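Novice: Test case, fold it:
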Amino acid sequence: MIESFGALDLARLQFAFTISAHIFFPAFTIGLASYLAVLEAIWLLKRDAVYMDLFNYWKKIFAVVFSMGVVSGVVMSYQFGTNWSVFADKTGPILGPLLGYEVLTAFFLEAGFLGIMLFGLKRVGAGLHFFATVMVAIGTLFSAFWILSANSWMQTPAGFTINSNGQFVTSDWWTTIFNPSFPYRLSHMVLAAYLTTAFVVGGTGAWHLLRGTANHSSRIMFSMAMWMALLVAPLQIIAGDLHGLNTLEHQPAKIAAMEGHYETRSGAPLILFGIPDDEAQTMHHAIEIPKLGSLILTHDANGKLQGLDSFPEGERPKVGIIFWTFRVMVAIGFAMVAIGLWAVVARTKGRLYNSRMLHRMALLMAPSGFLAVLCGWITTEVGRQPWTVYGLLKTADSVAPVDAAAVAISLTMFVVVYFAVFGTGTLFVLRLMARPVKSGDEGDHSEMINVPYSAPVKGGRDGH
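Specialist: Numbering: from 1, shown residues only. Next up is the predicted model:
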């Protein structure tokens with residue numbers, strides 16, 4: 001089967017596979033780093049050891065997931081030089097500095113303070129340790145900032161000129177970094193990361209509540225996760241709507257494909273479900289709500305929405321893929337809102353820790369954030385096709401002059417190694433989550449209660 005693919009198809013498949021594997025890790029660590037900072041802040045305020053128990057429980061998981069994210073992320077940079085050298089040459093003057101800033105700010109910040117966060121509580125004191133945790137959390141947000149800026153520039157390029165060598169060169173760094181879609185993509189991704197972490201934490205707490213291994217720490221874990229779902233999931237839906245309006249303005253072909261509109265129409269319906277047919281350029285068996293599509297996107301029930309027939313045939317994204325990934329992402333978003341509302345009702349009735357149906361659903365929803373993030377990225381990237389730099393540089397013109405056989409070999413190796421390495425790492429993380437939170441897991445915290453924030457703690461080792 002692989003032999004039937006050309007070098008371009010295989011290079012795209014390889015990048016899709018590696019980025020799909022990689023995106024899971026930052027989507028989790030961005031939210032988890034902030035969760036760790038919140039746990040330690042509460043511990044500093046209350047001096048209740050249960051929050052430090054939770055901190056120590058999740059910091060081990062953070063360390064493993066962060067390591068896997070670093071390893072999987074390195075591969076992405078190499079692929080620019082191997083499979084996409086033409087793209088790297090043409091966009092290097094812009095994307096090179098943006099990715100370099102990510103290393104200089106985010107990675108250095110994370111690497112500089114990660115060791116203190118993981119091993120330094122009894123060595124540097126509570127105040128400096130909390131500072132290190134906050135710096136790691138800020139580092140993950142910086143990473144999201146620069147990566148999303150680079151990706152958003154590819155979606156909505158701005159602040160550039162093209163030199164005599166055909167390279168994109170910035171004319172205004174401020175406009176390049178804060179390009180038209182960047183604020184929407186950044187907020188949408190960060191909220192997605194927080195929700196991903198919330199539902200993993202909530203699912204873990206639900207697991208222990210169902211198995212009868214829950215203690216006070218597990219209850220707090222579940223409670224905090226449900227508060228996060230209640231507060232952030234509605235914000236994510238609002239952010240997603242604003243992001244969609246921005247996409248309609250700058251990438252109308254993507255919106256047409258997401259909504260399943262093959263024809264330009266005034267008073268366009270909202271197509272809930274259907275069977276897209278890209279060859280016939282029609283939607284079979286559509287279930288739709290009249291005029292709602294125009295009302296949502298143009299705020300006018302009779303507003304005109306461009307269909308794919310408004311764009312040249314060679315510049316239309318594949319509806320069959322992103323029509324469904326978009327709907328899966330949206331469905332998960334509303335399911336998250338429902339879980340948050342369910343939990344607050346159970347809380348008011350005093351059944352938050354006793355409702356087994358809620359716990360089963362929370363456990364079922366534990367991986368939902370990862371699936372939503374993956375569907376969101378597929379929608380974003382497939383919807384951009386056939387461009388790597390939207391409207392300016394096509395994917396077919398970005399690939400390196402490599403043989404299909406060479407790409408096929410490297411793709412096969414990636415699949416084998418990724419499943420072996422990251423599959424093992426994921427199983428290890430799941431085993432860590434399956435263990436109940438233990439009091440004093442990293443040693444007795446009572447000795448820290450009266451320690452000044454700036455004073456290092458003397459004596460003993462912290463278990464590492």
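
Novice: okay, CA-based contacts and neighbour counts for the rest of this
Specialist: Fine.

Novice: could you pull out the helices for the stretch 151-300 of the chain?
Specialist: 173-177, 182-211, 216-250, 252-259, 292-298 (DSSP state H, counting those that start in this stretch).

Novice: where do the strands sit along the stretch 351-464 of the chain?
Specialist: Secondary structure of the stretch 351-464 of the chain (DSSP state E, counting those that start in this stretch): strands at 387-389, 393-394.

Novice: Also the stretch 51-200 of the chain?
Specialist: Counting by DSSP E, counting those that start in this stretch, the strands of the stretch 51-200 of the chain are 160-162, 168-170.

Novice: Single out the most deeply packed of these.
Specialist: strand 168-170 (a mean of 20; mean count of other CA atoms under 10 Å).

Novice: Can you tell me what sits against it?
Specialist: Residues outside strand 168-170 that contact it (CA atoms under 8 Å, 6 or more residues apart in numbering) are Lys90, Thr91, Gly92, Pro93, Ile94, Gly159, Phe160, Thr161, Ile162, Asn163, Thr176.

Novice: Just the buried subset of those, please.
Specialist: Lys90, Thr91, Gly92, Ile94, Gly159, Phe160, Thr176 (16 or more other CA atoms under 10 Å).

Novice: ok, so of the residues you listed, who is nearest Ile322?
Specialist: Among the buried ones among the contacts of strand 168-170, Thr91 lies closest to Ile322 (CA to CA), at 25.9 Å.

Novice: got the strands of the stretch 51-200 of the chain as JSON lines, with mean pLDDT columns?
Specialist: Below are the strands of the stretch 51-200 of the chain laid out as JSON lines (pLDDT from 0 to 100):
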{"stretch": "strand 160-162", "mean pLDDT": "93"}
{"stretch": "strand 168-170", "mean pLDDT": "93"}
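
Novice: for those, which one sits closest to Asp278?
Specialist: strand 168-170 (32.7 Å).

Novice: So what are the sheet partners of the closest one and their directions?
Specialist: strand 160-162 (antiparallel) (DSSP bridges).

Novice: Now find how far off-centre the partner strand is within its chain.
Specialist: Put simply, strand 160-162 sits 30 Å off its chain's centre (CA atoms, centre = their mean, to the nearest Å).

Novice: Please give me every residue in contact with Thr379.
Specialist: Counting by CA under 8 Å, 6+ apart, Thr379 has contacts Met258, Ile321, Ile322, Thr325, Phe326.

Novice: wait, the last one sits on Trp377?
Specialist: Read it as Phe326. No. Using CA atoms under 8 Å, Phe326 makes no contact with Trp377, being 9.5 Å away.

Novice: any idea which of the strands of the stretch 351-464 of the chain is most buried?
Specialist: Highest mean neighbour count among these (mean count of other CA under 10 Å): strand 387-389, a mean of 21.

Novice: packing partners for it?
Specialist: Applying 3 or more CA pairs under 8 Å, 6 or more residues apart in numbering; DSSP states H and E, we find strand 387-389 packed against helix 126-155, strand 393-394.

Novice: same thing but 6 Å
Specialist: strand 393-394 (3 or more CA pairs under 6 Å, 6 or more residues apart in numbering; DSSP states H and E).
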